[in-house]
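S.K.: need coordinates for the below:
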Amino acid sequence: MEKEVIVIDASDAIVGRLSSKVAKMLLEGKKVIIINAEKAKISGKKESIIRKYLVRRSLQSKQNPEKSPKWPKVPNLLLRRIIRGMLPRKKAKGREAFKRLKVYIGNPLNLNGSKIEEALKDVNYYITLETLCKNLGWSG
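M.R.: As a prediction, the model looks like this:
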């Protein structure tokens, strides 16, 4: 049985809205490919978002970084990690759904992606995943 493949362009999409729609598609059994992950937006003030993710990566917290959760600093892996949080990953259906997800920086496969209209809300304050990851230490 051939799975339905959906290509999504993440440019100018709000990360939370995009992630919830993608998680729903994955649980329905579809294979999802996301391109241009670095151009997705996180809504909110830049400084507070950077501070939140720095604490998550334990760069500014007093906790032991060896025992903290692993949060990536590369845009495609960060978006993949955010989507993983919306899946029941400890159950078999969640693990299988997560395996059907591919996320790319840019468009290396030259695919034509569609946009998710619900995720394209215009916001005043936002930061792109690329900017966030560069502040976390990504050199790309």
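
S.K.: sec struct for Ile33, please.
M.R.: When classified by DSSP: H, G, I helix; E, B strand; the rest coil, Ile33 comes out as strand.

S.K.: could you check the pLDDT of it?
M.R.: We have a pLDDT of 97 for Ile33.

S.K.: and stretch 69-82, how far apart are its ends?
M.R.: End-to-end distance of stretch 69-82: 13 Å, with C-alpha to C-alpha, to the nearest Å as the criterion.

S.K.: now the element after the helix or strand of the chain with the lowest mean pLDDT, going C-ward?
M.R.: Sorting the helices and strands of the chain by mean pLDDT, DSSP states H and E puts helix 46-56 at the bottom, at a mean of 90. Downstream of helix 46-56, the next assigned helix or strand under DSSP states H and E is helix 75-84.

S.K.: ok so, going back, may I see the buried residues of the least confident helix or strand of the chain?
M.R.: For helix 46-56, burial by neighbour count (16 or more other C-beta atoms under 10 Å) applies to Ile49, Ile50, Tyr53, Leu54, Arg56. To be clear about C-beta, it is placed using only N, CA and C from the backbone, and glycine gets the same treatment.

S.K.: counting contacts, what elements does that helix pack onto?
M.R.: strand 126-128, helix 129-136 (3 or more C-beta pairs under 8 Å, 6 or more residues apart in numbering; DSSP states H and E).
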